[in-house]
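K.L.:
next come a sequence and a model predicted from it.
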Amino acid sequence: MKLSYNIVYSNRKKVSISVERDRRVIVRAPKSFSKEQLKEIVEEKKLWLYDKINYTAKFPVVFAKEFVTGESILFLGKNYKLEIVKENIRSLRFDNKKYYLSKDNRSRANKIFKNWYKRKAKELLLPKIKYYSDTLGVDYNKIQIREMKYRWASCTNKNNLVFNWRIIKAPMFVIEYLIVHELAHLLESNHTDNFWNLVKIQIPNYLKAKEWLKINGNVLESSF
């Protein structure tokens, strides 16, 4: 069976191979490596890659939300119950104990929750980004909070920071790790030892955050 993969060249020093959440194989390599050299490296890792691609625990099925009373919906790492009410609520009400959604809005619940998450992401992320950028002594250009298909966050070559709105479902220590991770790229473009030291100084438990994402990432990508 032929193994397909994408090559991403950069100013890195070593080759790394990863299996993304959509099962794509990404080969990140220094610019000095030829496609033939990379093909040999991938061939050597082929059995390991097939195991990763077919490891069902990494790609569990997440069922779509039904938006019914009693359903649990994630926010900042905790599940809160949804209550469908007769009251005319324009959008969504949240009292830190429960969500309240008007019965008349159930057909639009997916969109309502998505918009609510985006507002909360902007409200909570922006002060944190400002705090950690000041602490690290870095400047960024723009901040975007939007839909990202296969990434939690990124730092562009124009120093723009992009965050997936879905991360607002994660605990705050995970969100802070993702923020620091991208800000650290403004000082160190590759995942060098120096890069991880920068992250560790700001987020001592960053390995715990990485593990949380590895285990729970599929939950953040649920139906809305």
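P.N.:
Cool, got the structure.

K.L.:
okay, CA-based contacts and neighbour counts for the rest of this
P.N.:
OK.

K.L.:
domain parsing for this structure?
P.N.:
Per the record's domain assignment (automatic domain parsing), the chain is made up of the domains 6-58, 72-220.

K.L.:
so which helix or strand takes in D51?
P.N.:
With elements delineated by DSSP states H and E, D51 resides in helix 46-53, which encompasses its position.

K.L.:
and the contacts of that helix?
P.N.:
By CA atoms under 8 Å, 6 or more residues apart in numbering, the surrounding residues in contact with helix 46-53 are 3, 19, 23, 25.

K.L.:
picking that back up, closest one to A64 among the domains of the chain?
P.N.:
Among the domains of the chain, the nearest to A64 by CA to CA is domain 72-220 (9.9 Å).

K.L.:
next, the distance between the ends of that closest one.
P.N.:
The distance separating the two terminal residues of domain 72-220, taken as CA to CA, to the nearest Å, comes to 13 Å.

K.L.:
that one: how far from the chain's middle?
P.N.:
The gap between the average C-alpha position of domain 72-220 and the chain average comes to 7 Å, counting by CA atoms, centre = their mean, to the nearest Å.

K.L.:
buried sites along the helix holding D51?
P.N.:
Residues 49, 52-53 are the ones in helix 46-53 that count as buried (16 or more other CA atoms under 10 Å).

K.L.:
looking at the residues you listed, spot the one nearest M148.
P.N.:
Taking CA to CA as the measure, M148 lies nearest I53 of the buried residues of helix 46-53, at 20.9 Å.

K.L.:
need the pLDDT of the closest one.
P.N.:
As predicted, I53 sits at a pLDDT of 72.

K.L.:
hmm, back to that, ranking the domains of the chain by burial, who's on top?
P.N.:
Comparing the domains of the chain on average neighbours per residue, with mean count of other CA atoms under 10 Å, the densest one is domain 72-220 at a mean of 17.

K.L.:
and it, average pLDDT?
P.N.:
With pLDDT averaged residue by residue, domain 72-220 scores 92.

K.L.:
ok, now which ones touch the nearest residue to N190 once chain neighbours are set aside?
P.N.:
Counting by CA to CA, 6 or more residues apart in numbering, R12 is the residue found nearest to N190 once chain neighbours are left out, at 5.9 Å. Contact analysis of R12 by CA under 8 Å, 6+ apart lists 29-31, 190.

K.L.:
do that again at 7 Å, thanks
P.N.:
For R12, the contacting residues are 29-30, 190, taking CA atoms under 7 Å, 6 or more residues apart in numbering as the criterion.

K.L.:
closest to S72 out of those?
P.N.:
Of all the contacts of R12, N190 has the smallest distance to S72: 38.3 Å, by CA to CA.

K.L.:
please report phi then psi for the closest one.
P.N.:
For N190, the backbone dihedrals (degrees, to the nearest 10) come out as phi -100, psi 170.

K.L.:
longest helix of the chain?
P.N.:
Of all the elements of type helix in the chain, the one with the most residues (DSSP state H) is helix 109-136.

K.L.:
can you give me the helices for this structure?
P.N.:
Listed in chain order, the helices of the chain (DSSP H) span 35-44, 46-53, 109-136, 172-184, 193-202, 206-220.

K.L.:
looking at those helices, spot the one closest to K65.
P.N.:
Using CA to CA as the measure, helix 109-136 is the one of the helices of the chain that comes nearest K65, at 8.3 Å.
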